[in-house]
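1. Next come a sequence and a model predicted from it.
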Amino acid sequence: MNCKEEYLNLFKLLNENSISFCLLRDDLDNELSKLKDLDLLVSESSFELVVEKLTQCDYLIKTTVKQLIFKTVLVKLMDDGVVTIDLHYKAVQNGIVYMDAEKILSECKEKNSWYIPNDIDLLMILVFHNLLGKGGIQNKHLELIKKLSAQYTDHEITSYHNTYKTTPILIEVLNNINCFLYKEGEKNIEVFELAKHLKKEINKTQGLSTKKATRFRFNLLLRSINIFPKAPIYAAIGVDGVGKSTLIDTLVNEINSTHVLSADTIYMGPWGHYLKFDGVGAPYTPGWSVSRREWLDGLLKPEVSRVRITLRFIRSCYFSSKFFVLLMLEMLYRYFKAYKLRRRGVVVITDRYIYDLMTGSMHQIVPHFKRTRSFVCDVFFRPTKVFWLTNEVDTILERKQDLTKEQLIKFINVYQESCEKYNFEKVPTIESADLISKKLLRENFEEIINMARV
C-alpha cells in the first residue's frame, strides 16, 4: 500500500466512526500521492479515540502530549515512504494556542472525503503558524496567503476575528506581507518583535493555564538536558569484500529518505585511525619479541640468556599494553562522536566495531592476547544490534583477492564464534543492497521510533 491509499483509508476510518476532523491545509488533490506528513485537527473529546484507532492500524507513536503539548505524532512505514500524522486537538505552535479548534471544526468545508478550514480560518492559520513557528512567512505559503487575503477587506477580517484580539496584527502582516518574509539564517527584528507581541495578545485570551504552561516548559527543559540517546546504534561487521560499505551507505540513504528519521555512519574499526599504533600482532614480529610461553620456556633452557629473553618479554609487554591503551582511547573517542549524534536523534550505523578485534587484524588472524581481546569486547559499550554480513566464500574472493580461501575460512570461523557469544544478527548479502536495507529498516523501524520517545 502506498501513501495516497493510506491517507484515503485514514479519512474513511474517521468518517465511519463519526469523528469530526479537519486538515490544516487547503487542498490535497495534487499533493496526496507525494505528501509525507499531515496536520490533522480533531476535537479534544475524540483525541484519545483517534490515537487508539490509529495504533490499531499499525501506526507507531513518535511523540506524545507529554512531549509536545496538545499534539501527538504518529508514523507508519509504507512501501513508498513513511506516513506522518501530526494529530492536534488545539491549533497550537510552540506551545501557543492561536485559534479555537472547535470553531475551525464547526465551520470547515467538505472536500471529497476530507475536510479543510474555510478560507478566512485558513488565512489566519497560515499567517500565525508561520510567524510563531518560523519567525516569518515562508515563500511556499506566500502566494496562497496573498490570494486568500485579496478575498476579504480589513473590516471583514476584523468582524470575523474580533474574538481573538489579534486582528490588528493579522491586518498589519497582510498589508505589509513582503516585510515579514522568512529568510534562512537571517533574523528579522521587526518580525521577532511582532511575534513576541502576538504571543502576549494570544496568551491574554487563550493562554495556557499555569499548570499546563509549567508542564510544557518543564518537558522542554527535560528534553534539552536528557543525556540518554534518542536513537539506536547499529554495527555492521564482517570480512572485507562482503559488502559492508555498500549496504551501510544504502541503509543510511534509505533511513534519510523517510524524512522522519535521520542517519549517519561512523567508522569504528579497532585499528589505528586517529592515533597511530601498530596492530595487536606487531609485538610478536619474529626476531625481536617473545610471548609469555616462549619466555617461560626460555628460562628453563641453559643455552638461552635469561636477561636477554626477559628484556625482550618486557619490551613485548610494553608494546602490547600500549596497543590496548591507545585502542581504548580511540574507540572511546569514536563512540563519543556516535553518542553526540544519537543524542540529537540521529541513527548511527558503524562500519565495523570492537568485535572485529577478535580476528587480530584486517588481513591476518592473530592468535596472541585472545583472552585480553575478549575482555575488551566484553567491557566496551554494546551497540543496539550487530549485523554480521555474510556471503559465499567464492563470491567474497571475487571481490577481494587480498586473502586466500584458507585465510577467509579462518576469518569466518572467528566471526561465527563471536556471533554465538554475542548474539549477532546474521545478514546474508546475496540480494541487492536496496532490498536488504529496506528489509532491515522494516524490521527495526519500531525500535528506532520507540527510542525517539525517551
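-> Perfect, thanks for sending it. Nothing here was measured: the structure is a model prediction, and the numbers come from that model.

2. Could you list the paired strands of the helix or strand containing residue 348 along with their orientation?
-> Secondary structure assignment for residue 348, by DSSP states H and E: strand 346-351. The strands beside strand 346-351 in its sheet (DSSP bridges) come out as strand 233-237 (parallel), strand 262-267 (parallel).

3. Just the buried residues of the very next helix or strand once past that strand, please?
-> Sequence-wise, the next helix or strand downstream of strand 346-351 (DSSP H and E) is helix 370-379. Of all the residues in helix 370-379, those buried under the rule 16 or more other CB atoms under 10 Å are 373, 374, 376, 377. (C-beta placed from N, C-alpha, C; glycine too.)

4. tell me which strands and helices the helix or strand just after helix 370-379 is in contact with?
-> Using DSSP H and E, the helix or strand that follows helix 370-379 towards the C-terminus is strand 385-390. When contacts are defined as 3 or more CB pairs under 8 Å, 6 or more residues apart in numbering; DSSP states H and E, strand 385-390 packs onto strand 233-237, helix 405-422, strand 425-428.

5. still on that earlier bit, switch the strands paired with strand 346-351 over to JSON lines; also include mean pLDDT and distance to residue 399.
-> As requested, the strands paired with strand 346-351 are exported to JSON lines (pLDDT from 0 to 100; distance: least, CB to CB, whole Å):
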{"stretch": "strand 233-237", "mean pLDDT": "95", "distance to residue 399": "16"}
{"stretch": "strand 262-267", "mean pLDDT": "93", "distance to residue 399": "19"}
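
6. Please tabulate the ones you listed in a markdown table and include distance to residue 134 as additional columns.
-> Output for the strands paired with strand 346-351, formatted as a markdown table (distance: least, CB to CB, whole Å):
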| stretch | distance to residue 134 |
| --- | --- |
| strand 233-237 | 32 |
| strand 262-267 | 20 |
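
7. highest average neighbour count across the ones you listed?
-> Among the strands paired with strand 346-351, strand 233-237 has the highest mean neighbour count (mean count of other CB atoms under 10 Å), at a mean of 25.

8. what's it in contact with?
-> By CB atoms under 8 Å, 6 or more residues apart in numbering, the surrounding residues in contact with strand 233-237 are 244, 247-248, 268, 338, 342, 347-353, 355-356, 383-389, 415, 424, 444.

9. domain parsing for the chain?
-> 1-116, 118-225, 233-278+331-452 (automatic domain parsing).

10. Wait, a strand at residue 76?
-> Yes. Under DSSP: H, G, I helix; E, B strand; the rest coil, residue 76 sits within a strand.

11. So which of the helices and strands packed on strand 385-390 is the most surrounded?
-> Most buried among the helices and strands packed on strand 385-390, counting by mean count of other CB under 10 Å: strand 233-237, with a mean of 25.

12. what angle sits between it and strand 385-390?
-> 20 degrees (axes from the mean of the first three to the mean of the last three CA atoms, to 10 degrees).

13. Just the C-alphas of strand 233-237, formatted as CSV.
-> What follows is strand 233-237, C-alpha atoms only, in CSV (Å, rounded to 0.1, in the frame of the first residue of the first chain):
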residue,chain,number,x,y,z
ILE,A,233,23.4,2.5,17.1
TYR,A,234,23.8,-0.5,14.7
ALA,A,235,27.1,-2.1,13.8
ALA,A,236,27.9,-3.9,10.6
ILE,A,237,30.8,-6.3,10.8
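
14. what's the distance between that strand and the middle of its chain?
-> 15 Å (CA atoms, centre = their mean, to the nearest Å).

15. between that strand and helix 405-422, how big is the angle?
-> 150 degrees.

16. any idea which helix or strand comes after the helix or strand containing residue 15?
-> According to DSSP H and E, residue 15 maps onto helix 3-16. On the C-terminal side of helix 3-16, the nearest following helix or strand under DSSP H and E is strand 21-23.

17. Quick one: closest of the strands paired with strand 346-351 to residue 143.
-> Of all the strands paired with strand 346-351, strand 262-267 sits nearest to residue 143, with 30.1 Å by CB to CB.

18. Tell me which residues are up against the closest one.
-> Taking CB under 8 Å, 6+ apart as the rule, strand 262-267 contacts 248-249, 251-252, 255-256, 273, 334, 337-338, 341, 345-352.

19. Only the buried subset of those, as a ChimeraX command please.
-> Command for ChimeraX that selects the buried part of the contacts of strand 262-267, burial taken from 16+ other CB under 10 Å:
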select :248,251,252,255,334,338,341,346,347,348,349,350,351,352
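
20. Residue 371 and residue 378: what is the separation?
-> 10 Å (CB to CB, to the nearest Å).

21. err, residue 439, not the other one
-> 30 Å.

22. tell me which residues of whichever helix or strand residue 47 is part of are tucked away?
-> Using DSSP H and E, residue 47 maps to helix 47-56. Of all the residues in helix 47-56, those buried under the rule 16+ other CB under 10 Å are 47, 50, 51, 53, 54.

23. Run the angle between it and helix 3-16 for me.
-> 140 degrees.

24. Let me see the mean pLDDT of helix 47-56.
-> Averaged over helix 47-56, pLDDT sits at 91.

25. circling back to that earlier point, give me the contacts around the strand holding residue 348.
-> By CB under 8 Å, 6+ apart, strand 346-351 touches 231-236, 244-245, 248, 251-252, 255, 261-269, 338, 341-342, 383, 448.

26. change it to 6 Å
-> Residues outside strand 346-351 that contact it (CB atoms under 6 Å, 6 or more residues apart in numbering) are 231, 233-235, 244, 248, 251-252, 255, 262-268, 338, 341-342, 448.

27. so who does residue 115 touch?
-> 22, 108 are the contacts of residue 115 under CB under 6 Å, 6+ apart.

28. How about the secondary structure of it?
-> strand.
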